[in-house]
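Visitor: coords below, sequence missing:
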């Protein structure tokens, strides 16, 4: 039986063991059919493993894309957090300015009342 490099060593040993047991008193035609069935099973197994590798590769790529999207979302979140903190700081400054303006309006009103009282 001929094996390709993709077929595992254990598969070769199993096939060799089966072939060795069958060689004693079994016609060449039966050995040939057995060899073809082993080759078929091994081919099926290799195909199945190839399919599994393709599926695994797709999952790894999908996971990589998910990680990339999560990283981008985290960066966007940090940017939004910075914008929120900046807005919060601006609001505090505007509140201070509003308080100062209210004080000046009150002072202006008091001065206007004093001037009105003096002009009478």
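Guide: Now that the structure is in, tell me what you want to look at. Keep in mind it's a predicted model, so treat the numbers as computed, not measured.
Visitor: other SSEs contacting the biggest helix by length in the chain?
Guide: Counting residues, the longest helix in the chain under DSSP state H turns out to be helix 28-119. Under the contact definition 3 or more C-beta pairs under 8 Å, 6 or more residues apart in numbering; DSSP states H and E, helix 28-119 sits against helix 9-23. Any C-beta I mention is one placed from the backbone N, CA and C, and that applies to glycine too.
Visitor: how close does residue 102 get to residue 108?
Guide: 11 Å (C-beta to C-beta, to the nearest Å).
Visitor: same check on residue 47?
Guide: Residue 47 is 90 Å from residue 108, by C-beta to C-beta.
Visitor: check residue 92 too.
Guide: 25 Å.
Visitor: how about low-confidence regions in this protein?
Guide: Along the chain, segments meeting pLDDT under 70 span 1-35.
Visitor: could you rerun that using 90?
Guide: 1-46, 57-58, 60-65, 119-120 (pLDDT under 90).
Visitor: so how far is residue 57 from residue 42?
Guide: 22 Å.
Visitor: I meant residue 67, not that one.
Guide: Going from residue 67 to residue 57 by C-beta to C-beta gives 16 Å.
Visitor: same check, this time on residue 100
Guide: Residue 100 sits 65 Å away from residue 57, going by C-beta to C-beta.
Visitor: same thing with residue 38?
Guide: Distance from residue 38 to residue 57, by C-beta to C-beta: 28 Å.
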